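Student: from the sequence below, what's the structure:
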Amino acid sequence: MNRLINFSKNLVLLVCLVFALSGCVSTTRLPISNFAPWEQIELANEDNPLDIAFIDQNHGFLVGANRLIRETTDGGSTWLERKLDLPSEENFRLISIDFLGNEGWLVGQPGLVMHTDNAGQTWDRLLLGNKLPGNPYLITSLGDNSAELATTAGAVYRTNDSGANWEGRVADASGGVRDLRRREDGAYVSVSSLGNFFVTLEPGEDIWQPHQRASSKRVQTLGYQPNGELWMLSRGAEIRFNENAGDYESWSKPKVPIVNGYNYLDMAWDPDGNIWTGGGNGTLLVSKDDGETWEKDPVGELIPTNLIRIFFINNPEFDQPKGFALGERGHLLRWVG
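Tutor: This is a model prediction of the structure:
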């Protein structure tokens with residue numbers, strides 16, 4: 001009898017364990033949001049879009065892989081193909097673009113930096129030489145012929161003469177970069193190439209400060225919340241928020257809205273304060289209560305792509321904010337509020 005009782009207990013424990021483990025890998029059911037603030041935009045090619053920048057309310061540029069550059073004059077509803085004056089045998093991954101007024105900058109890999117002072121009508125290619133550590137990764141237009149350039153080696157340079165000369169801001173590079181973001185005040189955060197730690201660079205500093213990841217899960221990417229603090233996306237679809245201002249070792253408990261085998265790749269706040277995160281296989285989620293609960297976006301679910309970047313552009317000079325979600329293989333979502 002005792003053997004039968006013990007067997008029954010073990011069977012119950014085994015069943016509970018199976019259900020527990022299966023819950024770790026099965027898709028969590030989330031409600032579908034009752035509003036759909038995104039519309040799908042047709043780009044007519046399968047190159048990956050990587051960045052977007054606007055000059056004014058209607059005029060902007062989109063750049064991406066395989067020399068992809070498109071221009072819009074209607075706020076992003078339609079995008080027309082543009083050509084850059086580059087040798088046909090050279091192929092570039094156009095990774096970052098930024099404007100401040102009519103002055104703009106565009107960078108690509110390998111080793112491409114371009115500048116315009118006439119709203120993108122023409123672009124001048126700048127020569128960087130062979131001493132630049134890493135490849136261009138992120139460009140920020142500062143106005144008056146000035147810009148700041150960050151590279152895949154974590155080096156940061158600034159020019160004040162339209163790119164004729166570049167002065168190094170960071171004495172020591174951070175090593176390989178998996179992802180890198182800049183705050184408006186000039187602070188940076190960068191994830192190491194393996195995702196096993198991250199580094200920060202505060203305004204006025206010239207050395208990256210290393211920080212340990214929040215858990216054993218490798219970091220996917222980090223970025224800045226509207227209040228200037230950090231958010232973190234880790235493997236296993238984990239979301240964390242920086243809890244104490246300026247303390248990069250203090251993180252919230254992980255939030256895992258949905259477990260479907262795909263990681264989250266980016267996060268952003270819309271003008272209404274809702275949090276959006278996107279990832280593999282059309283995963284696009286929204287939280288309206290600071291990350292406590294989440295819903296699926298009905299449009300994102302229909303798109304068979306990895307959503308790799310989410311942008312919200314809230315320029316006070318524009319009539320209304322803009323937002324875009326960039327997906328692989330030429331997929332683009334436009335936020336209509």
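Student: would you confirm that G104 contacts I55?
Tutor: Yes - taking Cβ atoms under 8 Å as the contact criterion, G104 and I55 are neighbours in contact, 7.1 Å apart. Yep, even glycine has a C-beta here, placed from its N, CA and C like the rest.
Student: what is in contact with those two at once?
Tutor: Both G104 and I55 are contacted by 119-120, under the criterion Cβ atoms under 8 Å, 6 or more residues apart in numbering.
Student: those two - which one has more neighbours?
Tutor: G104 (23 against 20; other Cβ atoms under 10 Å).
Student: for the more buried one, give me its contacts.
Tutor: Taking Cβ under 8 Å, 6+ apart, one finds 53, 55, 61, 97-98, 115-116, 119-120, 141 in contact with G104.
Student: for it, give its distance to S96.
Tutor: When Cβ to Cβ, to the nearest Å is the yardstick, G104 and S96 sit 11 Å from each other.
Student: which strands and helices sit next to the host helix or strand of M232?
Tutor: Element membership of M232 [criterion: DSSP states H and E] is strand 230-234. For strand 230-234, the helices and strands in contact under the criterion 3 or more Cβ pairs under 8 Å, 6 or more residues apart in numbering; DSSP states H and E are strand 219-224, strand 238-241, strand 264-269.
Student: alpha carbons only: can I get that strand in CSV?
Tutor: Coordinates of the C-alpha atoms in strand 230-234 are reproduced here as CSV (Å, rounded to 0.1, in the frame of the first residue of the first chain):
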residue,chain,number,x,y,z
LEU,A,230,17.4,52.7,-18.7
TRP,A,231,15.3,49.8,-19.9
MET,A,232,16.8,46.4,-20.7
LEU,A,233,15.7,43.5,-23.0
SER,A,234,17.4,40.2,-22.3
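Student: and the angle for that strand with strand 219-224?
Tutor: With axes from the mean of the first three to the mean of the last three Cα atoms, to 10 degrees defining the directions, strand 230-234 sits at 160 degrees from strand 219-224.
Student: what number of residues lie near T122?
Tutor: By other Cβ under 10 Å, the residues close to T122 number 12.
Student: so it touches T116, yeah?
Tutor: Yes - contact between T122 and T116 holds when scored by Cβ under 8 Å: they sit 6.3 Å apart.
Student: without its sequence neighbours, what residue ends up closest to L142?
Tutor: The shortest distance from L142 to any non-neighbouring residue, by Cβ to Cβ, 6 or more residues apart in numbering, is to E148 (6.2 Å).
Student: contacts for the host helix or strand of that neighbour, please.
Tutor: Assigned by DSSP H and E, E148 belongs to strand 146-151. Under the criterion Cβ under 8 Å, 6+ apart, residues 98, 105, 107, 113, 115, 132-142, 156-160, 163, 166, 169, 173, 177, 180, 182, 186, 188 lie in contact with strand 146-151.
Student: quick one: distance of stretch 110-125 to the chain centre.
Tutor: The offset between the C-alpha centroid of stretch 110-125 and the centroid of the whole chain comes to 23 Å, using Cα atoms, centre = their mean, to the nearest Å.
Student: and stretch 31-40, by the same measure?
Tutor: Relative to its chain's centre, stretch 31-40 lies at 21 Å (Cα atoms, centre = their mean).
Student: so which bits of that stretch are buried?
Tutor: 33, 37-38 (16 or more other Cβ atoms under 10 Å).
Student: let's see which of those end up in strands.
Tutor: Cross-referencing the buried residues of stretch 31-40 against strands under DSSP state E gives W38.
Student: quick check, nearest of the buried residues of stretch 31-40 to L86?
Tutor: Comparing the buried residues of stretch 31-40 against L86 with Cβ to Cβ picks out W38 as the nearest, at 32.8 Å.
Student: surely the closest one touches R334?
Tutor: Yes - taking Cβ under 8 Å as the contact criterion, W38 and R334 are neighbours in contact, 6.8 Å apart.
Student: any stretches of the stretch 151-300 of the chain with poor pLDDT?
Tutor: In the predicted model, the stretch 151-300 of the chain carries pLDDT under 70 at residues 174.
Student: what's the closest of the contacts of G104 to S215?
Tutor: Relative to S215, the closest of those is D98; by Cβ to Cβ it sits at 33.2 Å.
Student: from D117, how far off is the residue lying closest to that closest one once chain neighbours are set aside?
Tutor: Take D98 and drop its neighbours on the chain: the residue closest to it by Cβ to Cβ, 6+ apart is S141, 4.4 Å away. Applying Cβ to Cβ, one obtains 11 Å for the distance of S141 from D117.
Student: overlap in contacts of those two?
Tutor: Taking Cβ under 8 Å, 6+ apart as the contact criterion, the residues that touch both S141 and D117 are E103.
Student: more neighbours, these two?
Tutor: For S141 versus D117, the count of surrounding residues by other Cβ under 10 Å is larger for S141: 19 against 15.
Student: and the helix or strand containing the more buried one, which residues are buried?
Tutor: Secondary-structure element containing S141, defined by DSSP H and E: strand 136-143. Taking 16+ other Cβ under 10 Å as the neighbour-count basis, strand 136-143 is seen to contain the buried residues 136-142.
Student: would JSON lines of those with pLDDT and distance to F198 be doable?
Tutor: Conversion of the buried residues of strand 136-143 to JSON lines gives the following (pLDDT from 0 to 100; distance: Cβ to Cβ, whole Å):
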{"residue": "P136", "pLDDT": "95", "distance to F198": "21"}
{"residue": "Y137", "pLDDT": "96", "distance to F198": "15"}
{"residue": "L138", "pLDDT": "98", "distance to F198": "15"}
{"residue": "I139", "pLDDT": "98", "distance to F198": "21"}
{"residue": "T140", "pLDDT": "98", "distance to F198": "20"}
{"residue": "S141", "pLDDT": "98", "distance to F198": "25"}
{"residue": "L142", "pLDDT": "97", "distance to F198": "25"}
